[in-house]
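> Have a look at this prediction, sequence included:
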Protein chains: 2
Amino acid sequence: MTDSPLYDLVWMSRPLMQAAEASVEKGLVDTGLTVRMRAVLEMLHAHGDLTVPEIAERLEIKRQYVQLMVNETLAAGLTEQRPNPRHKRSPRLSLTETGARLIAEVIARELALIERIGADLDPEEVTAALRIVRALTAQLKSHAEEAP
Amino acid sequence: MTDSPLYDLVWMSRPLMQAAEASVEKGLVDTGLTVRMRAVLEMLHAHGDLTVPEIAERLEIKRQYVQLMVNETLAAGLTEQRPNPRHKRSPRLSLTETGARLIAEVIARELALIERIGADLDPEEVTAALRIVRALTAQLKSHAEEAP
DNA sequence: GCATATTGACAATGCACATGTCATTATGAC
DNA sequence: GTCATAATGACATGTGCATTGTCAATATGC
């Protein structure tokens, strides 16, 4: 688009994200999950039990909205509350057996799809690309913070 | 996050996009532009005069919404309508002198920022990353289409 | 010339998230 | 222990992006 690969790379993040989210959504159709419920389950899958505010912090969205997402997973029986020794009003959320199985399967399917799609890409280059994208993101973020 | 760089790369598109859009928005503060007005100007800057439906097609969003964005740029005097020989009801949109100067400056500033931020990245790797990201996006899209 | 397609205008809606507020309870300093 | 302060959940409202639907006006292709 421009003659700066760096600039174009940054701008490609939107189409990539849209394509990725569309794919994820498609993969969820037969699971009864929504994208936002999936996000909660994924957090617990990756980091173990968490409280609502902790999830909000990691997702960088407001705790009020996370509460909503979480309540849906509770209602669906995919997560459950466990007493939190560190804070009595803020239970830790835990995957139920069903929830754990579901999110593991969803992630496995997504992983398989991506690996299939990227089978002919050079792993070295992929690793390098990941590093670059992470660096760019970090730089852009810190730049935004330094003059708010 | 996972042990698949490819999977992580896809998921990094969201944070990158958010950081990028935040940066763009910040850069627009003193121009009176909004992000969506900027998108219209950018299209005209890159592709010359276009009609509303043409812009919609390129941005892959609905023409009704583009109409809204475009009307704002018209109201701000950044674009103007010119008779369209190919369709009498659908004027071609053209950047005004002001609009052209503004978008050129905005893009130049963004480019400068990105180049500064990525100054220490290996250009070869950046090019490779762009290629990979484009390939992934295309694959994900075509995968989504093939079973709608 | 007439069926069909485009376009612009406008209204309604959905969705993701932010913001504000409140009551309840924890927590930490003393 | 007491008390000010902070954290949490619940709820209500607002906002921005974008879609969907609809209509009338007009073009276009056959």
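The structure has been received and is ready for your questions.
> longest helix in chain A, by residue count?
Once chain A is assigned using DSSP state H, the helix that runs over the most residues is helix A:123-146.
> Tell me which residues are up against it.
The contact list for helix A:123-146, computed with CB atoms under 8 Å, 6 or more residues apart in numbering or on different chains, reads A:6, A:9-10, A:13, A:118, B:5-6, B:8-9, B:12-13, B:15-16, B:19-20, B:22-23, B:26, B:113, B:117-118, B:121-122, B:125-126, B:128-129, B:132-133. Where C-beta positions appear, they are placed from N, C-alpha and C, glycine not excepted.
> Narrow those residues to those that are buried.
A:6, A:9-10, A:13, A:118, B:5-6, B:8-9, B:12-13, B:15-16, B:19-20, B:23, B:113, B:117-118, B:121, B:125-126, B:128-129, B:132-133 (16 or more other CB atoms under 10 Å in any protein chain shown).
> before we move on, back to that, can you list which of the contacts of helix A:123-146 are found in helices?
Using DSSP H, those in helices are A:6, A:9-10, A:13, B:5-6, B:8-9, B:13, B:15-16, B:19-20, B:22-23, B:26, B:113, B:117, B:125-126, B:128-129, B:132-133.
> so how far is residue B:55 from the most centrally placed residue in chain A?
By CA atoms, centre = their mean, chain A has its centre lying nearest to residue A:39, at 5.2 Å. Taking CB to CB, to the nearest Å as the measure, residue A:39 falls 32 Å from residue B:55.
> go on, residue A:104?
Noted for residue A:104: a distance of 43 Å to residue B:55, by CB to CB.
> Contact residues of chain A facing DNA strand D?
Where chain A comes near DNA strand D, counting by CB under 7 Å from any atom of the strand, the residues are A:51, A:52, A:53, A:63, A:64, A:67, A:71, A:87, A:89, A:90, A:91.
> residues contacting residue A:75?
Residue A:75 neighbours (CB under 8 Å, 6+ apart): none.
> pLDDT at it, what is it?
You'll see residue A:75 listed with a pLDDT of 93.
> Report the residue spans of chain A with pLDDT below the cut-off.
A:147-148 (pLDDT under 70).
> okay, now the residue nearest to residue A:83 when sequence neighbours are not counted: neighbour count?
Leaving aside its sequence neighbours, residue A:83 sits nearest to residue A:91 (CB to CB, 6 or more residues apart in numbering or on different chains; 6.3 Å). When neighbours are defined as other CB atoms under 10 Å in any protein chain shown, residue A:91 has 16 of them.
> Then residue A:134?
Neighbours around residue A:134, by other CB under 10 Å: 15.
> sorry, back to before: please say which of residue A:104 and residue B:55 ends up with more neighbours.
Neighbours were counted for residue A:104 and for residue B:55 using other CB under 10 Å; residue B:55 has more, 21 against 13.
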